[in-house]
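Novice: requesting a structural model of the entry that follows:
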Amino acid sequence: MREHVIVSSTTDSEPTARELAAQAVEARLGACAQIVGPILSVYRWNGEVQADPEWRLEIKTAADRVAPLVELLKAQHNYEVPEIIATPIEGGSSEFLEWLVNETRAG
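Specialist: Numbering: from 1, shown residues only. Next up is the predicted model:
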C-alpha cells in the first residue's frame, strides 16, 4: 500500500458522518475528513434492492494508520456491515501529504 490513503465509508445521516469524522481526527487516525451528501446509494440487502440517501465520509490518513482507523470505524459505525474502503493516494502536493502524515502522529 502507498504511504498515503483515503479511507471512505457511508452512513445514513450527516450527524453520524460528522461524529465518525471527529472521532477519527481526534484519535489522530486521520488528518482530515470530508463529508459529501446526501448521495443516493442503490444496493442489494437481504435479497432486495434498496435505494437510500447516504452521506459519504472520506478520511485522509497515513498507510500505517489504516488498520486502527478501520477498527474504529467498524466499532463506532451504526451499520451491520459498513462500507469501509481504503484507496491509495498516488500523488499530490508534497506539503499536504507531509502535513497529512504529521497530523496522524501524537502531538
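Novice: show me which helix runs longest in this structure.
Specialist: Identified as the longest helix of the chain according to DSSP state H is helix 14-26.
Novice: that helix: what's the following helix or strand?
Specialist: If you walk from helix 14-26 toward the C-terminus, the next helix or strand you reach (DSSP states H and E) is strand 32-45.
Novice: so which other helices or strands are in contact with the helix or strand just after that following strand?
Specialist: Sequence order places strand 48-62 as the next helix or strand after strand 32-45, per DSSP H and E. If you count contacts as 3 or more C-beta pairs under 8 Å, 6 or more residues apart in numbering; DSSP states H and E, strand 48-62 packs onto strand 4-11, helix 14-26, strand 32-45, helix 94-103. Yep, even glycine has a C-beta here, placed from its N, CA and C like the rest.
Novice: deepest-packed of the ones you listed, please.
Specialist: strand 4-11 (a mean of 22; mean count of other C-beta atoms under 10 Å).
Novice: what pairs with it, and is each one parallel or antiparallel?
Specialist: strand 48-62 (antiparallel), strand 84-88 (antiparallel) (DSSP bridges).
Novice: and the average pLDDT for it is what?
Specialist: For strand 4-11, mean pLDDT is 98.
Novice: relative to helix 14-26, how tilted is that strand?
Specialist: Between the direction of strand 4-11 and that of helix 14-26, the angle (axes from the mean of the first three to the mean of the last three C-alpha atoms, to 10 degrees) works out to 150 degrees.
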